[in-house]
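[1] below are the sequence and a predicted model; questions follow.
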Amino acid sequence: MKIHDLKPADGSRKRRKRVGRGIGGKGGKTAGRGTKGQKARDTIPVSFEGGQLPMSMRVPKLRGFNNPFRVEYQAINLDTIAESGLDEITPDTLRSKGLVSKGALVKVLGRGELDRKVTVKVHAVSKSAEEAITAAGGTVEKLPLPFAVRPAFSGSAHTNR
């Protein structure tokens, strides 16, 4: 048997019915659409609801609220710090290891355990993480945020999404 001898099993591939090709064969004239009416003529969009106000127009838009002053931190857990092998944890050292992205504000969270002394200099620390770091003999220093109060909102209050 060669590749050109391959063909599907008999009956597994059925040819599509070609309708609307004249009255000489089955499926001519009205082509299985019945007589007259909207469905007998052209295609109707799937979203068409018979003239009723469509769902896409009935659903309210622009709801909710995006806080322009939200401060978003990138979280690092204690187990990640323990695995990293670093003695001094700063946003720059974490960035060099590929653990945080450029320009991110860093917050240390308390998942995992520390078995060695580390110096942590980040923007925010959870209570449990701070307790675990000091219990292991380390120190925690909070870096100042890169803005005075909160960042000013850039853009208008009512933007179309």
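    The structure has been received and is ready for your questions. Numbers count the residues shown, from 1 in each chain.
[2] so for stretch 71-89, what gets flagged as buried?
    Of the residues in stretch 71-89, those scored as buried under the neighbour-count criterion (16 or more other Cβ atoms under 10 Å) are 74, 76, 78, 80-82, 86, 89. Any C-beta I mention is one placed from the backbone N, CA and C, and that applies to glycine too.
[3] which of those fall within strands?
    Using DSSP state E, 74, 76, 89 are the members of the buried residues of stretch 71-89 that sit in strands.
[4] is the last one bridged to anything, and to what?
    On DSSP bridges, the residues paired with residue 89 through beta bridges are residue 120.
[5] likewise the first one?
    Beta-bridge pairing of residue 74, defined through DSSP bridges, involves residue 106.
[6] use 38 as the first number from now on
    New numbering, starting at 38: the last item is residue 111.
[7] any idea how far residue 81 is from residue 75?
    Here residue 75 is placed at a distance of 6 Å from residue 81 (Cβ to Cβ, to the nearest Å).
[8] my error: substitute residue 168 in the last question.
    Between residue 168 and residue 81 the distance is 65 Å, computed by Cβ to Cβ.
[9] please enumerate the helices of the protein.
    Listed in chain order, the helices of the chain (DSSP state H) span residues 92-95, 115-121, 128-133, 164-172.
[10] got TSV for those helices, with mean pLDDT too?
    Shown next, in TSV, are the helices of the chain (pLDDT from 0 to 100):
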stretch	mean pLDDT
helix 92-95	89
helix 115-121	88
helix 128-133	90
helix 164-172	91
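[11] all set, thanks.
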